[in-house]
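Colleague: Below are the sequence and a predicted model for it; my questions follow.
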Amino acid sequence: MSMKESKPNLSHSQVMEIVKRLFGLTASTIHPLPSYDDQNFYVASSEGGEYVLKVMNSVDSQNFTLLELQTHAMNFLHQRGLPAQTALPNLTGQLLSLEEIDCGYGMQKYLVRLLTYLPGTTIAKITSSPQILYEVGKMAATLDKVLLQMEHPNISALQRENFRWNLGSIPLLNQYLHVMDGDPVQKIVKGVMEQYQAQVVPKLTLFRKCINHGDLNDHNLLVEPIGPSRYKISGILDFGDMSYGYFIFELAIAIMYMMIENSNPIDVRGPVVAGWESVFPLNDAEKDALYFLVLGRFCQSLVLARHAVIQQPENTEYLMTTAKTGVHHLYRLWELGKEEVERIWFRSVAQFSHATFIDRD
């Protein structure tokens, strides 16, 4: 089944019917929210609440155990004070419901959840200052440390072998590289993959293990203002890429995505790492691998987005959000080289470790 055929495509009336039948709510406002391969809707009810209806694609909907575990993780984090969405029980008390729906490709089964709606603006829509970048690093490390405490009978489902978005899956890009044929960036992607094998893989045993959110991008983090040009993180969205990995993977992913919309992308790492290390100091092996891990995430994003566009041409604008500027950042980081980039990075970490915004409320 193609990605296009597995992605749900519910109509306005289908959303109204599901919300009423499953949750007893009368939808007064419905509008779509962006999504990679699922379908999300903002729903306001006549009864007064605001929600997000999340309809999973029909392929991922077959893995009930993993989705139930992700839902559990969201609730677990929320109970410990982190701003994660939580799933609301339906009329039968279930947090997930497998529904048969016809989205134009015949009847298929889609897992449906109703999530709390979190206030705030995505980081992609603000000018990201060192202060909020510090908060991103701090939140990323805090999230992974809290997830270490999580217990669940099916937690082994997060051992997602060959999950293509895990940073340990850089070698899997080989099977998608043909989508870059004729594009000069393909040579850099191949170079990064070679360096990953040579420089990162031998160090994996030295990295500290954890459960990764795996997608702390500038559209999955919400912020609210707390003063002039100061923000707090008000929401962590989309736990669909959760898997077992390493602390350093989470940090590399966060740095890469915070670079996307930044006018000085190479300077992003300083405040993000300073925030991270206020919670979880890095060891030498992790520091040494960070350059190639950030490059690796850029490569994953560019190659997998190009592959997705072939299957979902109607969703090109959203799928290529990261690629628009990501390719330029990848070129720049690769051309500067590891030694020069790290010189800039570590100089800025020291600067932000002593920044005045850190100890303020």
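Modeller: Here it is on my side, so go on.
Colleague: drop to CA atoms for contacts and neighbour counts, all remaining ones
Modeller: OK.
Colleague: Next, count neighbours for residue 212.
Modeller: Neighbours of residue 212 under the rule other Cα atoms under 10 Å: 29.
Colleague: So in terms of bridging, what pairs with it?
Modeller: residue 243 (DSSP bridges).
Colleague: Offset the numbering so it begins at 212, please.
Modeller: Sure thing, new numbering starts at 212, so read that last one as residue 423.
Colleague: from memory it sits against residue 455, does it?
Modeller: Yes. Under the criterion of Cα atoms under 8 Å, residue 423 makes contact with residue 455 at 6.0 Å.
Colleague: Tell me the helices and strands packed up against the longest helix anywhere in the chain.
Modeller: The longest helix of the chain (DSSP state H) is helix 532-564. Here helix 532-564 touches helix 396-406, helix 458-471, helix 480-488, helix 495-522, going by 3 or more Cα pairs under 8 Å, 6 or more residues apart in numbering; DSSP states H and E.
Colleague: Turn those into a markdown table, columns for mean neighbour count and mean pLDDT.
Modeller: Shown next, in a markdown table, are the helices and strands packed on helix 532-564 (neighbours: other Cα atoms under 10 Å; pLDDT from 0 to 100):
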| stretch | mean neighbour count | mean pLDDT |
| --- | --- | --- |
| helix 396-406 | 18 | 96 |
| helix 458-471 | 25 | 96 |
| helix 480-488 | 27 | 94 |
| helix 495-522 | 20 | 91 |
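Colleague: Out of the ones you listed, which gets nearest to residue 429?
Modeller: Across the helices and strands packed on helix 532-564, residue 429 has its closest neighbour in helix 458-471 (6.0 Å, Cα to Cα).
Colleague: picking that back up, to residue 237, which of the helices and strands packed on helix 532-564 lies closest?
Modeller: Comparing these by Cα to Cα, helix 495-522 comes nearest, at 34.7 Å.
Colleague: How far off centre is the closest one?
Modeller: The chain centre lies 13 Å from the centre of helix 495-522; the measure is Cα atoms, centre = their mean, to the nearest Å.
Colleague: Repeat that for stretch 245-265.
Modeller: 18 Å.
Colleague: pull the CA atoms of it into CSV?
Modeller: The C-alpha coordinates for stretch 245-265 follow below in CSV (Å, rounded to 0.1, in the frame of the first residue of the first chain):
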residue,chain,number,x,y,z
PRO,A,245,-0.6,19.8,9.4
SER,A,246,0.7,16.2,9.5
TYR,A,247,3.3,14.0,7.8
ASP,A,248,1.4,10.8,7.3
ASP,A,249,-1.5,10.9,9.7
GLN,A,250,-4.5,13.3,9.9
ASN,A,251,-5.0,15.8,12.7
PHE,A,252,-7.9,18.1,13.4
TYR,A,253,-8.5,21.0,15.8
VAL,A,254,-11.9,20.5,17.3
ALA,A,255,-13.9,22.9,19.5
SER,A,256,-17.0,21.5,21.0
SER,A,257,-20.4,23.2,21.8
GLU,A,258,-19.9,21.9,25.3
GLY,A,259,-16.9,24.2,25.7
GLY,A,260,-13.7,22.1,25.2
GLU,A,261,-10.8,22.3,22.7
TYR,A,262,-9.2,19.1,21.4
VAL,A,263,-7.0,17.6,18.7
LEU,A,264,-8.5,14.6,17.0
LYS,A,265,-5.6,12.4,15.7
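Colleague: mean confidence score for it?
Modeller: The average pLDDT for stretch 245-265 rounds to 91.
Colleague: Go through that stretch and flag the buried ones.
Modeller: Neighbour counts using 16 or more other Cα atoms under 10 Å place 248-256, 261-265 of stretch 245-265 among the buried residues.
Colleague: what does it contact?
Modeller: Outside stretch 245-265, the residues that touch it by Cα atoms under 8 Å, 6 or more residues apart in numbering are 214, 218-221, 236-244, 266-268, 323-328, 529-530.
Colleague: switch the cut-off to 7 Å
Modeller: The contact list for stretch 245-265, computed with Cα atoms under 7 Å, 6 or more residues apart in numbering, reads 218-220, 236-244, 266-268, 323-328, 530.
Colleague: Mind checking which of these land in strands?
Modeller: If you go by DSSP state E, the contacts of stretch 245-265 have 238-244, 266, 323-327 in strands.
Colleague: which of the residues in stretch 349-369 are buried?
Modeller: Applying 16+ other Cα under 10 Å to stretch 349-369 flags 349-356, 358, 366, 368-369 as buried.
Colleague: Quick check: which ranges of the stretch 212-361 of the chain have low pLDDT?
Modeller: In the predicted model, the stretch 212-361 of the chain carries pLDDT under 70 at residues 212-216.
Colleague: Helices along that one, start to end?
Modeller: Assigned by DSSP state H, counting those that start in this stretch, the stretch 212-361 of the chain shows helices spanning 214-217, 223-234, 275-290, 341-358.
Colleague: could you give the angle of the last one to helix 458-471?
Modeller: If I follow you right, that is helix 341-358. 150 degrees (axes from the mean of the first three to the mean of the last three Cα atoms, to 10 degrees).
Colleague: by contact count, what packs against helix 341-358?
Modeller: Other helices and strands packing on helix 341-358, by 3 or more Cα pairs under 7 Å, 6 or more residues apart in numbering; DSSP states H and E, are strand 420-423, strand 441-447, helix 458-471, helix 480-488.
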